[in-house]
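1. Sequence and predicted model, in that order:
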2 protein chains.
Amino acid sequence: MEAIATRGIALPGGRRAGAPPRQLLRDVSADRGACPNCNLLRLCVPVGFEPDVRQLVDQLVAKRMRLRKGDTLFRPGERFTTLYAIRLGSCKTVLLAEDGRDQVSGYHMAGDIIGTDGIARELHECQAIALEDTEVCAIPFARVEELSRASLQVLRNVHRMLATEIARDRHVMLMLGTMRADQRLAAFLLDLAQRYHARGYSSSEYVLRMTRDEIGSYLGLKLETVSRLLSRMHREGLIQVQGRTIKLLDPVGLKSLVETSQ
Amino acid sequence: MEAIATRGIALPGGRRAGAPPRQLLRDVSADRGACPNCNLLRLCVPVGFEPDVRQLVDQLVAKRMRLRKGDTLFRPGERFTTLYAIRLGSCKTVLLAEDGRDQVSGYHMAGDIIGTDGIARELHECQAIALEDTEVCAIPFARVEELSRASLQVLRNVHRMLATEIARDRHVMLMLGTMRADQRLAAFLLDLAQRYHARGYSSSEYVLRMTRDEIGSYLGLKLETVSRLLSRMHREGLIQVQGRTIKLLDPVGLKSLVETSQ
DNA sequence: CGCCGTCTTGACGAATCTCAAATAAAGTGG
DNA sequence: CCACTTTATTTGAGATTCGTCAAGACGGCG
C-alpha cells in the first residue's frame, strides 16, 4: 500500500522521477497523502453519510491530468468550467492585473482544490502553474452543482469550501496589512509546516517548492528581503536553511515572533 | 416615490436625521439605492426568471434591524445563522487575531451582503460595526440553502456571491502586496467612487464614513500616512479634501498613479 | 565544464512608521 | 445654544524598515 503510493509519486512522462529535493517527502507514510484526505472527498462525503452519494463522487472526477513543472493549468480570461483537486505535487496561483502588476496569490498542495477564482465571472482570474510534476483531478463544476442540489451535505460543503477560501484570504490580508517582513515570513513558514503536518508529513522539516522571488511575491516582499530574513533566522537559531530545505528549530520562537505586537 | 425613499434615509430612533455629511447622498435619485438594487435580489432573481421564486425571496428576509452608529451586528465567535443585506447606511468588518492584531477587512454599503465569514465554521470570524445609522435585512442562511436546492438560479448566484467575495479579497491582497501607500489610497478612493456610482450617487464627490485610522487599517497604513497622503493629493490637485468630504478632481490622474509600474 | 537561473550579501536611499505637539471637529451636558 | 470634553486630524522631526542596485557565489543542467 505504502509502496504503491510512493511509486505513484514517481511521475512517468520522460522525466527522472524522485529528484533530490523530493526525498524528504518520500519517507513519509504516503497513504495519508493524496486521495484519501483530498478535500474533494470532504467536499462531498463528510462523515460517511449518504453512501449512495459516494458513487456520484467517483463520477465527479472527469479525468486526471498530469502537469510537468512549469505547466499552466489555467490562465486568466480562460473560460471556467472545472475545478481541480491536486492529487500529487503542488501549484502556485498568480494574480495578474491589467497594469502588469502580478502577485503569487496562493500556494496549493496535494488535497487542495483550485480554480474557484473562475466561479465569479465564469472566467479564470488567475493563472495556475505547477511548481513540480503534478497530478490533478478535473471536476466539472456543473457536476458539483448537480450534486449540490441532490444533497444538502454536498451543498453545505461547497459553501464551506468557498467560505474557507474567503477566511484564508482574510488571514493573508491581515498578514499583509499588519505584519513586518520577518513576521510574515515566520507566519508563512509555520503555515507550511502546519499544512505538511496535516498531510502526514514532518512539520519541522520540508522543502520549499517556491523560489525566494515567489515567496516574496506572495508575502509582498522582495526576494532579497526574503533571503536576508532566512539568513537572519538561521543565524538566530530559529530555523535551519539549506537552499530550499527548511528545518524549523524553534517553532515556539517563530510563533512568538509572529505574535509580537510591535 | 423618490420622496418616500429619501425619507427612508432619515432614520427614526431619537437621532436628528439628515446630519450635514449626509447631504451629498441626499440629492441623488434614491430609487436606485437601497432595496431595488440590493445584491440580495441579484442573489435570487437574476433576470426575472422563475417568478414563483420571487415570493420565496420575500420569505427570505426574516426581519429588518436598525443599528445605530457604532452598534455591533455580529462579533467573532458568535454562532453564524444569518447573512445580512445592508439596506441603508454602511458597516465595517474588523478582523481580530488571537494576538490582539486587528484590521478593518471591509467597508460595506447599501446593497452589500455581509456575514459570509461565518459560513466556513458556522462561527463568525470578524466583527461587523455600523459606521452610521444603518438598516439591515436578516437572511437566515438555512433559508438560502433551501432556496438553493429549489432553484439552480439561486444556487448559482450564491456561488457567485461567495466567489465574488474571494475575487474582491484577492484584489485587496494584490493591493496590499504590490502597491505603495499612495497607490493604495488612490485605488481605495477610486473604488469608493465606483461603488457610489454603481448605487446612483455621484462618482466624483462623496463623504467618507471611516476615520483616517480605519482607512489606514484597511490599507495596511498608519493614520498619519493616510492623512499626509490626502494632504499631498490635495496639494497636487488630484483631489479636494475637507474633513471627510472627498472630491475627485482628476480621476484619470489617480488611475495613472495606481497603474504606475513602480 | 561552462552557462544560466537562483541565491546571498553589502551599501545606500526611499518609503513608511513612531513619537510628539498643535489644531480642528464632534459629542455632551448644562 | 454655549462651554467643555473628547475624539479625530494635521504636521514635523527623527528612526526604522524595506527596497534598489550591484557584485559575487552557488548549483543544476546541457
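-> Nice, thanks for sending it over. Numbering: from 1, shown residues only, chains lettered A, B, ... in the order given.

2. In contact with residue A:259, which residues?
-> B:98-99 (C-beta atoms under 8 Å, 6 or more residues apart in numbering or on different chains). Bear in mind the C-beta positions are built from the backbone N, C-alpha and C, glycine included.

3. measure it to residue B:99 for me?
-> 4 Å (C-beta to C-beta, to the nearest Å).

4. in what helix or strand does residue A:138 lie?
-> Per DSSP states H and E: residue A:138 is located in strand A:134-140.

5. Poorly predicted segments of chain A, please.
-> Along chain A, segments meeting pLDDT under 70 span A:1-37, A:39-59, A:262.

6. Quick check: buried residues in the longest helix along chain A?
-> Secondary structure of chain A per DSSP state H: the longest helix is helix A:152-178. Burial within helix A:152-178, assessed by neighbour count using 16 or more other C-beta atoms under 10 Å in any protein chain shown, is assigned to A:153-167, A:169-178.

7. Let me see the backbone angles for residue A:239.
-> Main-chain dihedrals, residue A:239, degrees, to the nearest 10: phi -140, psi 170.

8. That one touches residue A:233, doesn't it?
-> Yes - using C-beta atoms under 8 Å, residue A:239 is in contact with residue A:233, at 4.8 Å.

9. Pull up the overlap in contacts between the two.
-> residue A:254.

10. can you count the residues close to the residue nearest to residue A:204 when sequence neighbours are not counted?
-> Once flanking residues are discounted, residue A:204 sits nearest to residue A:248: 4.9 Å by C-beta to C-beta, 6 or more residues apart in numbering or on different chains. Using other C-beta atoms under 10 Å in any protein chain shown, the number of residues around residue A:248 comes to 22.

11. List the beta-bridge partners for residue A:248.
-> Beta-bridge pairing for residue A:248 (DSSP bridges): residue A:239.

12. same check, this time on residue A:92
-> Bridge pairing for residue A:92 - DSSP bridges - gives residue A:107, residue A:129.

13. before we move on, what about residue A:64?
-> residue A:137.

14. quick one, what contacts it?
-> So residue A:64 contacts A:87, A:135-138 (C-beta under 8 Å, 6+ apart).

15. What separation do you get for the residue nearest to residue A:211 when sequence neighbours are not counted and residue A:180?
-> With C-beta to C-beta, 6+ apart as the criterion, residue A:211 has its nearest non-adjacent residue at 7.4 Å, and that residue is residue A:223. Relative to residue A:180, residue A:223 is positioned 17 Å away (C-beta to C-beta).

16. repeat for residue A:258
-> 10 Å.

17. Residue A:232 now?
-> For residue A:232 relative to residue A:180 (C-beta to C-beta), the value is 12 Å.

18. repeat for residue A:85
-> In terms of C-beta to C-beta, residue A:85 sits 35 Å off from residue A:180.

19. between these two, who's got more neighbours?
-> Shown here are residue A:85 and residue A:180; by other C-beta under 10 Å, residue A:85 has more neighbours (26 against 13).

20. The more buried one - that's part of a strand, no?
-> Yes - under DSSP: H, G, I helix; E, B strand; the rest coil, residue A:85 falls within a strand.

21. can you give me the helices for chain A?
-> A:2-9, A:23-26, A:39-44, A:51-60, A:141-150, A:152-178, A:181-198, A:212-219, A:223-235, A:251-259.

22. Can you point out the buried residues in stretch A:240-253?
-> Here stretch A:240-253 shows A:241, A:246, A:248-249, A:251, A:253 as buried, counting by 16+ other C-beta under 10 Å.

23. Check the offset of that stretch from the chain's centre.
-> In this view, stretch A:240-253 has its centroid 20 Å away from the chain centroid, taken as C-alpha atoms, centre = their mean, to the nearest Å.

24. what's the answer for stretch A:185-193, then?
-> The answer for stretch A:185-193 is 13 Å, by C-alpha atoms, centre = their mean.

25. Stretch A:241-259 too?
-> Using C-alpha atoms, centre = their mean, the offset of stretch A:241-259 from its chain centre is 19 Å.

26. ok, back up a step: next up, the contacts around the residue nearest to residue A:211.
-> Counted by C-beta under 8 Å, 6+ apart, residue A:223 has contacts A:211-213, A:215-216.

27. Tell me how far the residue nearest in space to the middle of chain A lies from residue A:243.
-> When C-alpha atoms, centre = their mean is applied to chain A, the residue found nearest the centroid is residue A:108 (1.4 Å). Distance of residue A:108 to residue A:243, given as C-beta to C-beta: 22 Å.
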